[in-house]
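1. below: sequence and its predicted model.
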Amino acid sequence: MAAAQGSRGRLIATLNAQHHRTALGLYLVLVVAHWAEHLVQAYQIWVLGWARPQAQGLLGAQFPWLVTSEWLHYGYALVMLVGLILLRPGFVGRARLWWTVALAIQFWHHIEHLLLLLQAQTGHFLFGAAAPTSVLQVLYPRVELHLFYNSVVFIPMVIAMYRHLRPSPAEEAEMICRCAGDAGSARLQAPGRARQSA
């Protein structure tokens, strides 16, 4: 048990140190791909005028059974949540604050998908609905609600990444990764050089 926890701790430490930038890049690709699916679905409804059941995004056009599976939606919400948790230790300062905002919103998004999954599995629907319904879906249609959720997770996540790649000198000193890289080091050295030459 202790060995498993130790190796898990080393994996998280490695992920947030020397492999943090690569892991963030891969995670961003996954997030953007999913967000693009929601944008395509919204385009199909609002611009092309498709009926909501036919507007299934790019993936749903090829594999309609996937889009109607609550397992797929819950699985993605869980992967998003786990990614935000696993990559959080590599953030410091303002970047960590924004990453934590994205994590908190995704936690709620995950709860909404868990409720949908449980309803789909049990056949007992909340609020007297005829199909699985999440809490905020009572107020907003599902397509718009989940496009909103993905947007409000994505925006602070991108701000966090931007801040992480451009840390203040104090933040860079705290970082365990080298995501700021040579650009951060050059930026930190430039004012000293300017003072010396003046």
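-> Perfect, I can see it now.

2. without its sequence neighbours, what residue ends up closest to the residue nearest the centre of the chain?
-> The residue lying closest to the centre of the chain (CA atoms, centre = their mean) is M80, at 4.9 Å. Counting by CB to CB, 6 or more residues apart in numbering, Q106 is the residue found nearest to M80 once chain neighbours are left out, at 5.3 Å. Using the backbone N, CA and C atoms, a C-beta is placed for each residue, glycine as well.

3. the one you found: how many residues sit nearby?
-> Using other CB atoms under 10 Å, the number of residues around Q106 comes to 26.

4. and for H34?
-> So H34, with other CB under 10 Å, has 20 neighbours.

5. which element is it on?
-> Assessed by DSSP states H and E, H34 sits inside helix 20-46.

6. so for that helix, what gets flagged as buried?
-> Within helix 20-46, the residues that count as buried by 16 or more other CB atoms under 10 Å are 20-21, 23-24, 27, 31, 34, 37-38, 40-42, 44-45.

7. state the mean pLDDT of stretch 53-64.
-> For stretch 53-64, mean pLDDT rounds to 83.

8. V31 versus H73, what's the distance?
-> In this view, H73 and V31 are 15 Å apart by CB to CB, to the nearest Å.

9. out of everything not next to it in sequence, what's closest to G181?
-> R21 (7.6 Å).

10. am I right that that neighbour is in contact with M175?
-> No. The pair R21 / M175 is not scored as a contact, 11.1 Å apart, by CB atoms under 8 Å.

11. related to what we said a few turns ago, now name the helix or strand holding the residue nearest to M80.
-> Going by DSSP H and E, Q106 is in helix 93-122.

12. show me the shaky parts of the protein.
-> 1-6, 182-198 (pLDDT under 70).

13. show me what contacts C179?
-> C179 is in contact with 20-21, 24, 90, 164-165, counting by CB atoms under 8 Å, 6 or more residues apart in numbering.

14. from those residues, which two are the most distant?
-> Greatest spacing in the contacts of C179, by CB to CB: G90 and L165 (11.6 Å).

15. more neighbours, the two?
-> Taking other CB under 10 Å, G90 and L165 do not tie; G90 has more neighbours (24 against 15).

16. from S7, how far off is the more buried one?
-> 19 Å.

17. also V40?
-> 40 Å.

18. contacting residues for M157?
-> M157 sits in contact with 31, 84, 98-99, 102, where contact means CB under 8 Å, 6+ apart.

19. show me what counts as buried in the helix or strand hosting I159.
-> Element membership for I159 (DSSP H and E) is helix 142-165. Buried residues in helix 142-165, defined by neighbour count with 16+ other CB under 10 Å: 142-143, 145-147, 149-150, 152-154, 156-157, 159-161, 163-164.
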